[in-house]
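[1] Just the structure for this:
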Amino acid sequence: MIIVKVINAVPFKIGRTIILKMSGDFLPVLKEHGAVALAADEQAPESEAFVLARFPVDEEEPIPGLYEIPEDFISGLNAGDIVKILPNGELQLIWESASRHNAVFVTDYCNSDCIMCPQTPETKPEHHYETAKSVLSLIDEKPSLSFGITGGEPLLLPEKLIELFDVCQKRFPDVSIQLLTNGRILADFDVVAKVLKNCPARTLFCIPLYADNDVEHDAITGASGSFSQSIRGIHNLIRFKRPVEIRVVMVKQNSKRLKDLAHFIFWNFPFAVHVAFMGMETSGVASRNLENVWIDPVDYAEELAQAVTFLHQRLINVSIFNIPLCSLPENIRSFARDSISGWKKTFVPECNDCTKSNECCGFFATSVKKPEHIKPL
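    Predicted structure coming up:
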């Protein structure tokens, strides 16, 4: 799961992981009184009650539960939020009902090895499809519900992904889903046909393309053949008339050929519903490869402007993600989006006097390197 916030509390006889939705029935009690007892059900351990409390456990009448939860964590919860409670007392906020940036994380595994991946490789990678299914079974239904599905590579286990789609089809068939995939598995037409038979109609396939040629793209993904596989995957989706978004993460290796890539996208994928040029999140693998991959947005601003302008003039829907407004030439600032999720978005002191901060994406709080040349607008 995408962990929005995590704290450590004191567990007492918690025997397994619990996925729990903050119900409007008991959350006000927890906030007002600092404790609430939940009846045993499919969410809680098989006991008479399960307690959430900001107080220490009552040693005279101990009840299984989670204790000494920080008050600021409790006060920040909203009805419909979903938390994950681990037996060691770790409490994770994994779904924010009021956020427009929710996502379910389905696997640590990936079939690429991108040099600027923002995730840290797990020593013991796991799949998380069952946890994702639990979350999707709990979230509140809304007319405008939208969320992402990400990994790793979500399509590594197509059958498991189809199970998630089945939950969505039954509970909220009109949901908007952004499926973040490298597209390589979609090169197999039979897999595409099987997945699309079950996936909600408003699923957007977000597929990265890092260069206009196989040598540079495959060097960035660390996977030989990935360029041709992703391209075949995109074309297979279009054969089924499914919407595709092409994502370009700017790194040192591709920063001088952005206009060439824009030309390639226009001539080969004019059907793309959106093209996103994205600044790096320098955490995880990217932080380890920082010297190799990092380039300041100011240093490729001219190339980016040419690429964005080229696509826009040809009526391709194009945006810029994850780059603060002051790092962009004025003529392309209108393409910048407030794209960084609220839970990992931050600003630097130079932003305090900026008149555009409400429109700006800010910076990744998770990044070890932030753009330079920051100044208030």
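[2] Pull the contacting residues for residue 191.
    155, 158, 185 (Cβ atoms under 8 Å, 6 or more residues apart in numbering). All C-beta atoms are positioned from the backbone trio N, CA, C, and that covers glycine.
[3] buried sites along the helix or strand hosting it?
    Applying DSSP states H and E as the criterion places residue 191 in helix 189-198. By 16 or more other Cβ atoms under 10 Å, the buried positions in helix 189-198 come out as 192, 195, 196, 198.
[4] Kindly reformat those as a markdown table containing pLDDT.
    A markdown table is the format used below for those (pLDDT from 0 to 100):
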| residue | pLDDT |
| --- | --- |
| 192 | 96 |
| 195 | 96 |
| 196 | 95 |
| 198 | 89 |
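[5] What is the neighbour count of residue 296?
    Burial of residue 296 is recorded as 16 neighbouring residues (other Cβ atoms under 10 Å).
[6] Double-check it against residue 371; I have them as touching.
    Yes. The criterion here is Cβ atoms under 8 Å, and residue 296 meets it with residue 371 at 5.5 Å.
[7] Name the residues contacting each of these two.
    residue 327.
[8] before we move on, back to that, between the contacts of residue 191, which has the most around it?
    Busiest of those [other Cβ under 10 Å] is residue 155, holding 26 neighbours.
[9] In three-state terms, label that residue for me.
    What DSSP: H, G, I helix; E, B strand; the rest coil gives for residue 155 is helix.
[10] pretty sure it is touching residue 188, no?
    No. Counting by Cβ under 8 Å, residue 155 does not reach residue 188; the two are 9.7 Å apart.
[11] which stretches of this protein have low pLDDT?
    1, 39-49 (pLDDT under 70).
[12] let's see it at 50
    40-48 (pLDDT under 50).
[13] Give me the residue at the spatial middle of it.
    In the chain, the C-alpha nearest the mean C-alpha coordinate belongs to residue 103, at 5.2 Å (Cα atoms, centre = their mean).
[14] ok, now which ones touch that residue?
    2, 147, 148, 149, 150, 178.
[15] which among the residues you listed gets closest to residue 349?
    Closest approach between these and residue 349, by Cβ to Cβ: residue 2, at 28.1 Å.
[16] check contacts around the residue nearest to residue 146 when sequence neighbours are not counted.
    Excluding its sequence neighbours, the residue lying closest to residue 146 (Cβ to Cβ, 6 or more residues apart in numbering) is residue 176, at 4.0 Å. If a contact means Cβ under 8 Å, 6+ apart, then residue 176 has 144, 145, 146, 147, 202, 203, 204 as its contacts.
[17] Residue 200 too?
    165, 168, 169, 173, 174, 175, 177.
[18] Now the element after the helix or strand harbouring the third one, going C-ward?
    Counting by DSSP H and E, the element that carries residue 169 is helix 158-171. Proceeding N to C from helix 158-171, the next assigned helix or strand is strand 176-180, under DSSP H and E.
[19] helices or strands up against the one helix or strand residue 232 maps to?
    Using DSSP H and E, residue 232 maps to helix 226-239. Other helices and strands packing on helix 226-239, by 3 or more Cβ pairs under 8 Å, 6 or more residues apart in numbering; DSSP states H and E, are helix 189-198, strand 203-208, helix 214-221, strand 244-249.
[20] Go again with 6 Å.
    Packing contacts for helix 226-239, counted by 3 or more Cβ pairs under 6 Å, 6 or more residues apart in numbering; DSSP states H and E, involve helix 214-221.
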